[in-house]
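Peer 1: Just the structure for this:
(one chain, ligands or ions: 1)
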Amino acid sequence: MKDFAVVGSGIGGSSIAALLSAKGFDVALFEKESYLGGCSSSFSHKGHIYNTGATTLAGYEQNGIVKDVFETLRLKPELIKTDPAIVVMQNDKVTPRFADFENFFRHLDANYPHEKNREFWQLVHEIDAAFYTMNGHYYSNASMFAKLKSLVSFLPLFMKFQKYLRVSAVAFIEKFFGEISEEYLQFMESQILIVSQAGLKEINFFTAAISLGYTFHDTYYVKGGFSALFDMIVNNINEVHRNAEILSIEKHDSFYRLHTKQGAFEAKNVILNSTVYESAKLFVDDEVKNYYKKYEKLNNHQSSFMLYMTIKSDEDFFHHYQLIQNEQIKYTLSNAVFVSFSDKNDTKIAPQGHYSITASIHTDSRFWEDKQSYKSQKKELESIIFNTITAILKIEKESVVSCFSATPKTFQRYINRSQLGGNAITMKNFLPFLPSNDTPIKGLYSVGDSVYAAQGWPGVMLGVKNLERLLDA
Ligand SMILES: Cc1cc2nc3c(=O)[nH]c(=O)nc-3n(C[C@H](O)[C@H](O)[C@H](O)COP(=O)(O)OP(=O)(O)OC[C@H]3O[C@@H](n4cnc5c(N)ncnc54)[C@H](O)[C@@H]3O)c2cc1C
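Peer 2: Next up, the predicted model:
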């Protein structure tokens, strides 16, 4: 019998499985797909390699949470620093999000002039920097005592930032600037959406500041695609089962039995990396079913439409662009397309002279449910995104070697989830309402972007470290 069975090899599942293995526990990791990494993976399609969703790695600066975990696991991934982290293009304005404040600010102020700009962006920078010096939070809502302990742990954060926690981002920004153009607001909104997974009206100013400040940190490009990184992460785990979907889980008094097509496995503890919205169906036990069912209402159905391309080109491109349009794009929830290019010298992901491109835009999974219109809608949006990217980034159509798209349905088919981005940290869905990494059920835990703390590499890793502490206690 294993000490731990981990269901899913996303950032959360792979990292906690590797950390527990490094401590000497007997761990088995189960992944439905042949490749590891979930939303942050890479895959091969007709001989070309693409990153699935995530394309940037943050949290890897000195004392950063991702670096901390990788160092514990003695991993030395092949990374390239990306600066500017993103090049934001809106109408005729090009704003590189350099990590250096002055370097970024010069471009920002030239493109969106306002007398309060310096004061505002300095505040964003300060809030962001102060937040990242606070570490080691305890978060659990498994019992009354655990809730109280969590509250005490977060008290310094609440005290320090309370005036920004209680006010909506849009109200704060409008009051701060007095008058602000729609274009400038959209510039902020688009960047906030890709980090917080929610709009300016839904979040508090604290979350907005952390989201706008994210590019002041070092961000990295992962050489060879994200899948290679996961192969390194899971290297020391006793058993890694690929193509092994967990179909159901039986809860017994002191262990769990997990069923796959290949047979049954037993473990004393189970860590789910499937989302809390979709985990109830794995269990027959009413107590567990009801625990996960109560979180299904948190599912905001937010998801992604993806366009993958391989091009052959001599041009130089930055790693990441955000292309902001004046109107919300049809069948989506956003005005902006996020476009990532492979590094020119990364021949592991694309041969010399080629680029692998992963582009994404927020959509709602419910927009893709009508079987009759699905195909034509997919083609139409594929063509809108393709034309937007090729026109703005001046990519010759003849240079396109391959191009195809994916919808929330595709994600559902491959990684068992159509909601992407996890729990959005909105005014309504802030601490202490987030699901925690432990549960009131003995031996059952959750990790990933639908539980504490948030999405993306640093967000999921905060949950991994929290779970590690809860298991140590
Ligand atoms: C389009 C897009 C772009 C993004 N860009 C970035 C970015 O640039 N930088 C960044 O840091 N973050 C980014 N993110 C967010 C980031 O990718 C996610 O927050 C993160 O990868 C989620 O990790 P997770 O641990 O929740 O696991 P998930 O990615 O959800 O993986 C869960 C895994 O569990 C497996 N699984 C599920 N059910 C079962 C089962 N029953 N049996 C076996 N296996 C199962 C799935 O197949 C999957 O592999 C992006 C996300 C998207 C969608």
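Peer 1: Gln102 - how many residues pack around it?
Peer 2: Quick fix: residue 102 reads Glu, not Gln. Using other C-beta atoms under 10 Å, the number of residues around Glu102 comes to 7. Every residue, glycine included, has its C-beta placed from N, CA and C.
Peer 1: How about Tyr132?
Peer 2: Neighbour tally, Tyr132, other C-beta under 10 Å: 18.
Peer 1: wait, is Val401 part of a strand?
Peer 2: Yes. Counting by DSSP: H, G, I helix; E, B strand; the rest coil, Val401 is located in a strand.
Peer 1: what about the residue nearest to it when sequence neighbours are not counted, which SS state?
Peer 2: In this structure, Val401 finds its nearest non-sequential neighbour in Thr310, 4.4 Å apart by C-beta to C-beta, 6 or more residues apart in numbering. Per three-state DSSP, the secondary structure class of Thr310 is strand.
Peer 1: Pull up the residues of the stretch 301-450 of the chain that are close to the ligand.
Peer 2: 304, 360, 415-417, 420-422, 448-449 (C-beta under 6 Å from any ligand atom).
Peer 1: closest to the ligand among those?
Peer 2: For these, the residue nearest the ligand by C-beta to the nearest ligand atom is Gly448; the value is 2.8 Å.
Peer 1: If I look at the closest residue to that closest one other than its chain neighbours, what pLDDT would I see?
Peer 2: Distances taken as C-beta to C-beta, 6+ apart place Gly12 nearest to Gly448, at 3.8 Å, with adjacent residues excluded. On the pLDDT scale, Gly12 is placed at 98.
Peer 1: can you check Phe177 too?
Peer 2: So, for Phe177, pLDDT stands at 98.
Peer 1: Name the nearest residue to it, ignoring sequence neighbours.
Peer 2: Closest residue to Phe177 apart from its sequence neighbours, by C-beta to C-beta, 6+ apart: Lys116 at 5.5 Å.
Peer 1: who touches that neighbour in this structure?
Peer 2: By C-beta atoms under 8 Å, 6 or more residues apart in numbering, the contact set of Lys116 is 176-178.
Peer 1: Based on its surroundings, how many neighbours for Tyr327?
Peer 2: Check again: residue 327 is Glu, not Tyr. 6.
Peer 1: how close does it get to Leu462?
Peer 2: Using C-beta to C-beta, to the nearest Å, Glu327 is found at 35 Å from Leu462.
Peer 1: same deal with Tyr50?
Peer 2: From Tyr50 to Leu462 the distance is 27 Å (C-beta to C-beta).
Peer 1: higher neighbour count, these two?
Peer 2: Tyr50 (26 against 22).
Peer 1: Skip the chain neighbours and tell me the closest residue to that one.
Peer 2: Closest to Tyr50 by C-beta to C-beta, 6+ apart is Tyr308, at 4.5 Å.
Peer 1: My understanding was that that neighbour contacts Val400; is that so?
Peer 2: No. Tyr308 is beyond contact range of Val400, at 11.2 Å (criterion: C-beta atoms under 8 Å).
Peer 1: For this structure, list the residue farthest from the centre, please.
Peer 2: Asp253 (34.9 Å; C-alpha atoms, centre = their mean).
Peer 1: does it count as helix, strand or coil?
Peer 2: Asp253 - assigned by three-state DSSP - is coil.
Peer 1: I'd like the distance between it and the ligand.
Peer 2: 23 Å (C-beta to the nearest ligand atom, to the nearest Å).
Peer 1: Number of residues surrounding Val400?
Peer 2: Val400 has 16 neighbouring residues, counting by other C-beta under 10 Å.
Peer 1: Would you confirm that it contacts Met309?
Peer 2: Yes. In this structure, Val400 is within contact of Met309 by C-beta under 8 Å, at 6.1 Å.
Peer 1: Which parts of the stretch 101-250 of the chain are strands?
Peer 2: 219-222, 239-241, 248-251 (DSSP state E, counting those that start in this stretch).
Peer 1: Could you spell out the sheet neighbours of the shortest one, each with its direction?
Peer 2: Going back to what we said before, that points to strand 239-241. strand 27-30 (parallel) (DSSP bridges).
Peer 1: got the contact list for the strand it pairs with?
Peer 2: 2-9, 13-14, 17, 20-21, 234, 237-241, 244-246, 258, 260, 265, 267.
Peer 1: just stretch 250-260 next, same as before
Peer 2: Under C-beta under 8 Å, 6+ apart, the answer for stretch 250-260 is 1, 5, 7, 30, 241, 244-249, 264-270, 283-285, 287-288, 441, 443-444.
Peer 1: Let's see that with 7 Å instead.
Peer 2: The contact list for stretch 250-260, computed with C-beta atoms under 7 Å, 6 or more residues apart in numbering, reads 1, 5, 30, 244-249, 264-268, 270, 283-285, 288, 443.
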